[in-house]
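Participant: This is a predicted model, with the sequence first.
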Amino acid sequence: MKLALDQYAHLDSPLHCWNQQLKLIALGGLIFAFAFVETLALLPAMVLITAVLYRLSHLPLHFLMSRLRYPGIFIAVAVVVLPLVSGETVIWEWGGIAIRQEGLLSMLLIVTRFVCILTISLILFGTAPFLSSIKAMRSLGLPRIIVDMTLLSYRYLESFGEILTTMQRAMKLRGFDIHRLSRHNAKRLASLIGSLLVRSYEQSQQVYQAMILRGYSYGLRRQHAGLGAALQEATAPMQFWFWFTCAIALSLIIAETLS
Amino acid sequence: MHIPDGILPPTVAIGGYAITGGMIWYSLRKINQYGDPSEQVPRASLLTAGFFVASLIHIPIPPFSIHLILNGLVGVVLGYFAFPAILIGLFFQAVMFQHGGLSSLGVNAAMMGIPAILGYHLFQLHQSFPKSQRWTSVFAFLAGAGALGLSAIIFTVLVVTTIPADMNATLERNAIYLGLAGYSVQALIEGTFTTLLVSFFQRVKPELLSHSIDK
């Protein structure tokens, strides 16, 4: 299992240079502003902002395209079904199949919001190492338990993914046919999942002991640098782009509220 | 069963974050009530990673295949750590595989996490009955199937009623019934796998079921 989330974190672009805390707030605000948009007239502005930011990030286009493929089914269903079943104004009809205007516009709204939000999310987490993003969240006030759990889980995801692949390969070599569901196969699959979880549990005991030896204790560190500190550390251009992006997000929300 | 970005209206997305924030506060309060959680954090974290990877296994239901959600089992094994674990798992799914999304993360976490906590409490009820494998299996099944069933109801109702379009009421109702019929099959499968896994843990690693922080 290759996560490859931050494979382009080493590039040199204005967005890569941006302080991750400021980026989280500014682009996070933009994501919520996009989610807020329900007026079709604002969609071109959303697309333009997204395109400019993606261009500035220097992330390759195939990275975006490969990521858009994964969640396609749900959106594909919305694209196919909504224009057929939603609304009353028929704009095109052929052999009993009618395309309705209201459904078509809803589909356009959903797909545009989806693509824009997903692209901004990719820019947010693809232009910095994942650990920097987690540290930035911590400094912005994310609870310590959540941060520790996120870091530790992330650390072991690939390792457990490889264990699972090895176990599945071993089962296959012993003649297990994964394509057939039977009571016997269900038990084997449950044993596979159970073994994976037992291994996770056993490894956690070793990890805990290793962490204790290195001085880990919950509640010792309390670091809340916050937004103020991040702004103080940031250079003048970074601060400008931060406030500029926040202003764009706010403008979209105001425009949506007024329309 | 993830609601992607762009589907939900903003009020629902913000409401989802508010509920998730409240549930995280409540879960952390419960976790901290039982002393220093240092030992529990590595265990919950690695099991979170384990559950995440386990949920990638495809179960063949010809002509399709499904992947397990396992939120009931997460509740049974992790107790109040289940909600943070599910939130983290969904966050990984959103940023790594683009399943779900950042704007809908709050709704997705509440949709999967609250049933997981209910599944945990449901499973704990087996202790009120005579100690036997049968009762443990019954409550394990109820926890697994019930948690998935509740998540499916929330998911289907949310998606069908909040899509910004004018669907007629009959069509909307039929879509909900159709969605629930499909998920009821998955609920039975989840319940069966939760039962099989609880039985597996009892034989191989009973500590996995006895470490819940409520004890």
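Facilitator: Thanks, I have the structure now.

Participant: In terms of secondary structure, what does the longest helix seen in chain B contact?
Facilitator: Identified as the longest helix of chain B according to DSSP state H is helix B:169-204. Other elements packing on helix B:169-204 under the criterion 3 or more CB pairs under 8 Å, 6 or more residues apart in numbering or on different chains; DSSP states H and E are helix A:183-213, strand B:58-61, helix B:71-78, helix B:133-162, helix B:207-210. For every residue, glycine as well, the C-beta is placed using N, CA and C.

Participant: how far away is A:Gly161 from B:Val159?
Facilitator: From A:Gly161 over to B:Val159 the distance is 30 Å, taken as CB to CB, to the nearest Å.

Participant: wait, is A:Leu142 part of a helix?
Facilitator: No: assigned with DSSP: H, G, I helix; E, B strand; the rest coil, A:Leu142 falls outside any helix and is coil.

Participant: Against which helices or strands is the helix or strand in which A:Ala51 is found packed?
Facilitator: Secondary structure assigned from DSSP states H and E places A:Ala51 in helix A:43-57. Under the contact definition 3+ CB pairs under 8 Å, 6+ apart, helix A:43-57 sits against helix A:14-17, helix A:20-36, helix A:101-126, helix A:236-258.

Participant: what sits up against it?
Facilitator: A:11, A:13-16, A:27, A:30, A:34, A:37, A:64, A:108-109, A:112-113, A:115-116, A:119-120, A:123, A:126-127, A:248, A:252 (CB atoms under 8 Å, 6 or more residues apart in numbering or on different chains).

Participant: Chain B next: which of the residues you listed are close?
Facilitator: With CB under 8 Å from any CB of the partner chain as the criterion, the contacts of helix A:43-57 include A:Phe34, A:Leu109, A:Thr112, A:Arg113, A:Val115, A:Cys116 near chain B.

Participant: who's in contact with the first one?
Facilitator: This points to A:Phe34. A:Met46, A:Arg113, A:Cys116, A:Ile117, A:Ile120, A:Leu252, B:Gly6, B:Ser103.

Participant: so what's the third one closest to, chain neighbours aside?
Facilitator: Think A:Cys116. Nearest residue to A:Cys116, sequence neighbours excluded (CB to CB, 6 or more residues apart in numbering or on different chains): A:Thr50, at 4.4 Å.

Participant: nearest spatial neighbour of the residue nearest the centre of chain B, skipping sequence neighbours?
Facilitator: Geometric centre of chain B, nearest residue: B:Asn71, 2.6 Å, by CA atoms, centre = their mean. Nearest non-adjacent residue to B:Asn71, counting by CB to CB, 6+ apart: B:Ala116, 4.3 Å away.

Participant: Quickly list the domain ranges of chain A.
Facilitator: A:14-138+A:225-258, A:142-213 (automatic domain parsing).

Participant: Tell me which residue lies farthest from the centre of chain A.
Facilitator: Most remote from the centre of chain A, using CA atoms, centre = their mean: A:Gly95, at 41.0 Å.

Participant: Check the gap between that one and B:Ile154 for me.
Facilitator: Distance, A:Gly95 to B:Ile154, using CB to CB: 37 Å.

Participant: now swap in A:Ile212 and tell me
Facilitator: 40 Å.

Participant: A:Ile99 is in what secondary structure piece?
Facilitator: For A:Ile99, the host element (DSSP H and E) is strand A:97-100.

Participant: Parallel or antiparallel, list what pairs with that strand.
Facilitator: Based on DSSP bridges, the pairing partners of strand A:97-100 within the sheet are strand A:90-94 (antiparallel).

Participant: coming back round to it: which of the helices and strands packed on helix B:169-204 comes out lowest on mean pLDDT?
Facilitator: Ranked by mean pLDDT, these bottom out at strand B:58-61, with a mean of 76.

Participant: angle of the helix or strand of chain A with the lowest mean pLDDT against helix A:101-126?
Facilitator: Least confident element among the helices and strands of chain A, by mean pLDDT, DSSP states H and E: helix A:72-85 (a mean of 75). Counting by axes from the mean of the first three to the mean of the last three CA atoms, to 10 degrees, helix A:72-85 lies at 160 degrees to helix A:101-126.

Participant: Determine how far helix A:72-85 lies from the middle of the whole chain.
Facilitator: 22 Å (CA atoms, centre = their mean, to the nearest Å).

Participant: does any bit of that helix sit next to chain B?
Facilitator: Yes: using CB under 8 Å from any CB, we find that helix A:72-85 touches chain B at A:Phe74, A:Ile75, A:Ala78, A:Leu82, A:Val85.

Participant: can you count the residues close to the second one?
Facilitator: Same thing as A:Ile75. Taking other CB atoms under 10 Å in any protein chain shown as the neighbour definition, A:Ile75 ends up with a count of 20.

Participant: Show the contacting residues for the nearest residue to B:Tyr120 once chain neighbours are set aside.
Facilitator: Among residues not flanking B:Tyr120 along the chain, B:Gly75 sits closest, at 3.6 Å (CB to CB, 6+ apart). Neighbouring residues of B:Gly75 by CB under 8 Å, 6+ apart: B:Ala82, B:Pro115, B:Ala116, B:Ile117, B:Leu118, B:Gly119, B:Tyr120, B:Phe123, B:Ala143, B:Ala147.

Participant: Pass me the low-pLDDT residue ranges in chain B, would you?
Facilitator: Across chain B, residues meeting the criterion (pLDDT under 70) sit at B:62-63, B:163-169, B:172, B:211-215.

Participant: again, only this time at 80
Facilitator: Within chain B, the ranges that satisfy pLDDT under 80 run B:1-2, B:6, B:34-39, B:58-66, B:98, B:160-180, B:182, B:210-215.

Participant: just chain A next, same as before
Facilitator: A:1-6, A:68-79, A:81-93, A:95-96, A:176-182, A:204-205, A:207-209, A:211-230, A:234, A:259.

Participant: What's the end-to-end length of stretch B:87-106?
Facilitator: Criterion CA to CA, to the nearest Å; first-to-last residue distance in stretch B:87-106 is 8 Å.

Participant: Check the offset of that stretch from the chain's centre.
Facilitator: 14 Å.

Participant: Check which residues of it are buried.
Facilitator: For stretch B:87-106, the neighbour count (16 or more other CB atoms under 10 Å in any protein chain shown) marks B:87-96, B:98-106 as buried.

Participant: just stretch B:12-19 next, same as before
Facilitator: For stretch B:12-19, by 16+ other CB under 10 Å, it's B:Val12, B:Ala13, B:Ile14, B:Gly16, B:Tyr17, B:Ile19.

Participant: SS state for the residue lying closest to B:His99 once chain neighbours are set aside?
Facilitator: Of all residues not flanking B:His99 in the chain, B:Gln93 sits nearest, at 4.3 Å (CB to CB, 6+ apart). Three-state assignment for B:Gln93 (three-state DSSP): helix.

Participant: and B:Gln93, what is it in contact with?
Facilitator: Counting by CB under 8 Å, 6+ apart, B:Gln93 touches B:His2, B:Phe52, B:His99, B:Gly100.

Participant: now do B:Leu28
Facilitator: A:Pro143, A:Ile145, B:Pro84.

Participant: again, 7 Å this time
Facilitator: Taking CB atoms under 7 Å, 6 or more residues apart in numbering or on different chains, we find B:Leu28 in contact with A:Pro143, A:Ile145.
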